[in-house]
Structure formats: C-alpha cells, structure tokens
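# Return a 3D structure for these sequence lines:
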Amino acid sequence: MGQKRQCATTIINTEQMKKYIKMVISMAILHLSYTASAQEIDTLFTKRKIDYATYIGLVGKNNLEYSAEKFNINIAEANILSAKIFPDPELGFGFADNGQRRMNMGYGFNSELSWTLELGGKRKARIDVAQNEAQLTKLLLEDYFRNLRADATLAYLLTIQNRHLLDVQFNSYQQMKKLAEADSIRFRLGSITQVDARQSKLEAGTMLNEVYAAQAEWKTALANLSLLLGHREADTLLYPKEDFTGFDRNFILQDLILTAQNNRSDLKAALQHKNVSQSLIKLAKANRAIDLGLSMGVDYNSYVRNVIAPTPSFTTVNAGISIPLKFSNNRPGELRAAQYGMMQAEQLYRQTELTIQTEVTQAFYNYEAAQKQVSQFNTGLLAEAKAILDGKIYSYQRGETSLLEVLDAQRTYNEVQQNYYQTLYNHAAALVELEKAVGIWDINF
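Model (predicted):
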C-alpha cells in the first residue's frame, strides 16, 4: 500500500516537473519575443546629441526669423545715411527761337542751376529721428531675442519631458506585456480563465498604442528643435543631453520687480519710443520753417541781322532767391499728429511698466507653486505608488486579487509618474518664464 502511494507521489512530482519545465521554456521563448518587440518599439533614427549651452548658442546664430529681424538694424542704419543727404541741385537748359526766319530775329540759349536751402534745422531733425528709430530697432531686436531664447528653452525642456513620458508608457507596456504573457501560460496550465488572459492581452495592446502616440509626440518635439536652429538635415534629429536639474532659485518679489524695470528691453523700447515721438515733433516744427530757393543762370542771345534793328549777340548772367509762401502753416496737421503720438507713447510706456510688474508678480507666484509641487513628490509618492503596483501584481500572480485591481494600480502608478515629470517640466518652465519676465538669464543645466 505504501509502495502504491510512493508511485503515485512520484507520478505527481513528475507531472509537476513537466509543467514546471514547460513553463520555464515558454517563459524563455516569450522573453525572447518580448525583447524583439521592445527593440521594434524603440525605432532607430539618426540623432545627434546636443547640450543646452550649445543649443541656445546656435539658436542665436542660426534661427532664420531672428536672422531676418537683424536686417532691421541695417535698414535703420541706411535710413540714417538717407537722412543726412542734402537736397539735390537742379540743372536746367533751354533754347529759344522766335521763328521769324525771314526777318533774321536770331535765337538764344539759357541754362540755370537751382538749389533749395533748408532752414529751421530740418536736416538735423531728420537725422535725430533716424538715429532714435535705429536705437528703437536695436531694443526691439533685443526684446525679440529675449522671447526667442525663452521659447527655445521651453522647446528644449519639452523634448526632455516627452522622452520621460515615453519611458513611462513604454515601461508600463513592458510590465503589462509580461503579465499578459504569464497569463497566457497560466491559462494553458488551467490556473486562470480565458477571459482574464484575453483581458491582459487587450490591455497590453492598448498600452502599445499609447506608446506609439507618446513616441510621435517626442519625435515631433525633437523636430521642432531643428526648426528653431534652422537645421536642414531632415533625416537627423537633435537629441538633448540634459535632464530636469538645476532649476531651484530663491527670489524676493520686490527685488525682481525693480530688476525688471531696469532690465526689460521692451520697457526700454517704450521709453525710446517716447524719444522718437519727441524727435518727430521737432521735425514737424522744422518742416514749418520757410526754405529758400537759390538759383543762378546764364542766357545767350545770338546776333540779330534784322535791317531795321540789328542787335549784336550778348550773354547775361543772373542769380535769384525764391521764397515760398507757406500757406500750409495754417493747417498744422503734421505737428498735431506728432504731438498726439507723443501723448500716445507716454501712455504706452506707463502701460508697459504696469504690465511688466504684473507679469513678474504672476511668474513669481507660479514659480513658488511649482517649487512646492516638486517638493511634494520628494515625500515618497513615486515609491509608494510603485510598491502598491508590485504588491498587486504579486497578489494577482498568486491568485489573491483580480486583474482589474492590477490595472487600477498600474494606471495610478502611470498617472503619478506622468504628473511627476510634468511637474518637473512646469517647475523648469516657470523659472524660464520668471527670468524672461524679469529680463535676467542664468539658466544653464
């Protein structure tokens, strides 16, 4: 009787050993297929690593829109040269013939050189306007780069965030794919129902689609870096090296507002716009002054052979001054327009000053909130969510919990990770926006 029991036990152990060997072989095969699938998901493409310092330097040199804006400086300098030009002189020639051939009345030639003498300081006023406009153009270009630098930095940070979000989706897919493969084996061994095996396989397929979507967003962000750099290699994407580090700062709001009022290029441009308006008023007043027309001419009359009144040939020299009658001074439209422009520039300057104060205040509070959110994650939220997920998976594999609980834990862990990386991005972006609002820049990570 004991011998029969021993034989039965041996048979059972043999069957269990066969099942164990079968499971190990199946897991090995599935592991190989999983590795191949992972390689297929992370598609290879040509990429060139670039650090932030190099990237932002190339943006300043190669960005096409910024390069186009730089031509405004050349245009403004050319306008200064144009403003320095004196009025051109005029040279005229004439011929006279009375048409009396029978009476031999003769003919004549005349020539005249005329020039406008500008009075009232018109030329100096034009030069002042052109120089002030050139200075305004330089400040506007500086403000353009202030915004471009911030936008380029945000684009760089976005690629880092999208890479982390892709990793979250991909790791989640890996976890679910392993679970689906294990469920397939457990179903064949009779440990779970076919519905549970199908459910885990369906979830893995759904997560794979999310991986593809995250991958597309990441590559789209990488392509945007090439646009900002004026990069023309369509088959190569720039790949950032850095991570979300080095974005902690301590600021005092009142100091930031004072610094912004001293540093912001758009406020300097608003002040310079007032200078341009003042120079336009001076130009309008100068244009109301009377200009003198100076002229000098030579006339030649040929010999008149008329028998009644013969006249020898002669040459005359004349000079003259012409004074325009400035009836247009009774209609001071240009002067009034310049004066209203000055009043408008004053209001815009005050509005810009108020806007800067508001922008700095808002950016400061947003940065403070982002700092608090980052510190919240440092209390162990990620580790707690990971521990819950691992516990649910372990319990599910032992048949102590349902697949739905595992999926809920997986989604919670994904959301915590996604919120973490989005919070890191928001923290870095808040610092970028704050320094952009203040008009300072010390970002280098």
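
# For the rest of this, base every contact and every neighbour count on C-alpha atoms.
Noted.

# Next up, the contacts around residue 136.
Shown in contact with residue 136 (CA atoms under 8 Å, 6 or more residues apart in numbering): 269, 272-273.

# out of those, who has the most neighbours?
Greatest neighbour count in these, by other CA atoms under 10 Å, goes to residue 273: 24 neighbours.

# Just the pLDDT for that residue.
We have a pLDDT of 95 for residue 273.

# Is it correct that it is in contact with residue 343?
No. Taking contacts as CA atoms under 8 Å, residue 273 lies outside contact range of residue 343: 10.9 Å.

# so how far is the strand or helix carrying residue 196 off the chain centroid?
Assigned by DSSP states H and E, residue 196 belongs to helix 194-229. Centroid separation for helix 194-229 versus its chain: 27 Å, with CA atoms, centre = their mean, to the nearest Å.

# which is the next helix or strand following that helix?
strand 236-240.

# Does anything pack onto that next one? Which helices or strands?
strand 46-50, helix 122-188, helix 194-229 (3 or more CA pairs under 8 Å, 6 or more residues apart in numbering; DSSP states H and E).

# Could you rerun that using 6 Å?
Counting contacts by 3 or more CA pairs under 6 Å, 6 or more residues apart in numbering; DSSP states H and E, strand 236-240 packs against strand 46-50.

# Now do the buried residues in stretch 383-402.
385-386, 388-389, 392-393, 395-397 (16 or more other CA atoms under 10 Å).

# Filter those down to just the ones in helices.
Residues of the buried residues of stretch 383-402 located in helices (DSSP state H): 385-386, 388-389, 392-393, 395-397.

# Same list, those, but as JSON lines with distance to residue 202 and pLDDT please.
Listed next are these as JSON lines, based on distance: CA to CA, whole Å; pLDDT from 0 to 100:
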{"residue": "385", "distance to residue 202": "23", "pLDDT": "82"}
{"residue": "386", "distance to residue 202": "22", "pLDDT": "81"}
{"residue": "388", "distance to residue 202": "22", "pLDDT": "85"}
{"residue": "389", "distance to residue 202": "19", "pLDDT": "82"}
{"residue": "392", "distance to residue 202": "19", "pLDDT": "81"}
{"residue": "393", "distance to residue 202": "17", "pLDDT": "79"}
{"residue": "395", "distance to residue 202": "20", "pLDDT": "83"}
{"residue": "396", "distance to residue 202": "17", "pLDDT": "74"}
{"residue": "397", "distance to residue 202": "18", "pLDDT": "75"}
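
# for those residues, which one is nearest residue 336?
If you rank these by distance to residue 336 using CA to CA, residue 385 comes first, at 69.9 Å.

# I'd guessed the closest one sits against residue 411; true?
No. Counting by CA atoms under 6 Å, residue 385 does not reach residue 411; the two are 9.9 Å apart.

# how far away is the closest residue to residue 173 other than its chain neighbours from residue 442?
The shortest distance from residue 173 to any non-neighbouring residue, by CA to CA, 6 or more residues apart in numbering, is to residue 207 (5.3 Å). From residue 207 over to residue 442 the distance is 40 Å, taken as CA to CA, to the nearest Å.

# now residue 347
Residue 347 is 32 Å from residue 442, where distance means CA to CA.

# between those two, who's got more neighbours?
Applying other CA under 10 Å to residue 347 and residue 442 shows that residue 347 carries more neighbours, namely 14 against 8.

# where's that one, which helix or strand?
Per DSSP H and E, residue 347 falls inside helix 333-377.

# Output stretch 166-173 as CSV, nothing but the C-alphas.
Extracted as CSV, the C-alpha positions of stretch 166-173 are listed here (Å, rounded to 0.1, in the frame of the first residue of the first chain):
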residue,chain,number,x,y,z
LEU,A,166,7.5,57.9,-23.5
ASP,A,167,9.6,55.9,-21.0
VAL,A,168,6.6,55.8,-18.6
GLN,A,169,4.3,54.5,-21.3
PHE,A,170,6.9,52.0,-22.6
ASN,A,171,7.7,50.6,-19.1
SER,A,172,4.0,50.3,-18.4
TYR,A,173,3.6,48.4,-21.7
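
# How far does that stretch sit from its chain's centre?
Centroid displacement of stretch 166-173 relative to its chain, using CA atoms, centre = their mean, is 30 Å.

# repeat for stretch 254-270
On the basis of CA atoms, centre = their mean, stretch 254-270 sits 21 Å off its chain's mean C-alpha point.

# just stretch 217-231 next, same as before
Counting by CA atoms, centre = their mean, stretch 217-231 comes out at 12 Å from the chain centroid.

# Can you tell me what sits against it?
Contact partners of stretch 217-231, identified using CA atoms under 6 Å, 6 or more residues apart in numbering, comprise 59, 62-64, 159, 162-163.

# Put together CSV for the residues you listed, with neighbour count on each row.
Below are the contacts of stretch 217-231 laid out as CSV (neighbours: other CA atoms under 10 Å):
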residue, neighbour count
59, 24
62, 16
63, 17
64, 16
159, 24
162, 24
163, 20
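
# okay if I get the contacts of residue 136 as CSV plus distance to residue 128?
CSV is the format used below for the contacts of residue 136 (distance: CA to CA, whole Å):
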residue, distance to residue 128
269, 16
272, 12
273, 13
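
# so where is the stretch 151-300 of the chain shaky, pLDDT-wise?
234-235 (pLDDT under 70).

# redo that, cut-off 80
Flagging of the stretch 151-300 of the chain using pLDDT under 80 yields the residue ranges 182-183, 185-187, 189-197, 199-200, 231-236.

# same thing with the stretch 1-150 of the chain?
1-47, 96-107.

# ok, which stretches of it are helices?
2-41, 52-62, 64-83, 122-188 (DSSP state H, counting those that start in this stretch).

# Tell me which of those helices sits most buried.
Among the helices of the stretch 1-150 of the chain, helix 122-188 has the highest mean neighbour count (mean count of other CA atoms under 10 Å), at a mean of 21.

# could you dump the contacts of stretch 217-231 to CSV with distance to residue 180?
Output for those, formatted as CSV (distance: CA to CA, whole Å):
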residue, distance to residue 180
59, 46
62, 49
63, 48
64, 50
159, 31
162, 26
163, 25
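
# Would you confirm that the residue nearest to residue 173 contacts residue 174?
No. Residue 207 sits out of contact with residue 174 when judged by CA under 6 Å, with a separation of 9.0 Å.

# got the buried residues for the helix holding residue 196?
Here helix 194-229 shows 196-197, 200-201, 203-205, 207-208, 210-212, 214-215, 217-219, 221-226, 228-229 as buried, counting by 16+ other CA under 10 Å.

# separation between residue 118 and residue 331?
The gap separating residue 118 from residue 331 is 20 Å, by CA to CA.

# So if I had to pick from the two, which one is more boxed in?
residue 118 (17 against 9).

# which residues touch the spatially closest residue to that one that is not a sequence neighbour?
Spatial nearest neighbour of residue 118, chain neighbours left out: residue 291 (4.9 Å); criterion: CA to CA, 6+ apart. By CA under 6 Å, 6+ apart, the contact set of residue 291 is 117-119.
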